[in-house]
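**Q** My questions concern the predicted model and sequence given below.
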Amino acid sequence: MSSCKPVDTLISTLKVTMMLDYLFPNPTRFHQIIGVIQYLTFTRPDICLVINKVCLFMHAPTFTH
């Protein structure tokens, strides 16, 4: 890993405080979109961190996510 080049990510490194928001009445669409985006991580490893952060909200997606 010492010879690897650093890569910028599209995510903020600051801790974000989430406000309470309305839950999706049917989160199936959110789950489908995240499932499709997860396949992109095979060809685009630079977005793995961002996709991981989004996947953390799969149990209770809100309109903010």
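**A** Arrived safely. Numbering: from 1, shown residues only.
**Q** ranges for the helices of the chain?
**A** Shown for the chain, the helices assigned by DSSP state H span residues 28-40, 48-55.
**Q** right, so of those, which gets closest to V7?
**A** Set against V7 and scored by Cβ to Cβ, the helices of the chain come closest in helix 48-55, at 9.9 Å. (C-beta placed from N, C-alpha, C; glycine too.)
**Q** Report the buried residues of that closest one.
**A** By 16 or more other Cβ atoms under 10 Å, the buried positions in helix 48-55 come out as 51, 54.
**Q** now do stretch 28-47
**A** Neighbour counts over stretch 28-47 (16+ other Cβ under 10 Å) mark 30, 34, 47 as buried.
**Q** which of those residues has the weakest pLDDT?
**A** Taken together, those show their lowest pLDDT at F30, with 79.
**Q** list the contacts for the nearest residue to F24 once chain neighbours are set aside?
**A** Setting aside the residues directly before and after it, F24 is nearest to P61 in space (Cβ to Cβ, 6 or more residues apart in numbering), at 5.1 Å. Contact analysis of P61 by Cβ atoms under 8 Å, 6 or more residues apart in numbering lists 23-24, 27, 30-31.
**Q** out of the helices of the chain, which comes closest to S3?
**A** For those, the distance to S3 is smallest for helix 48-55, at 19.9 Å, taking Cβ to Cβ.
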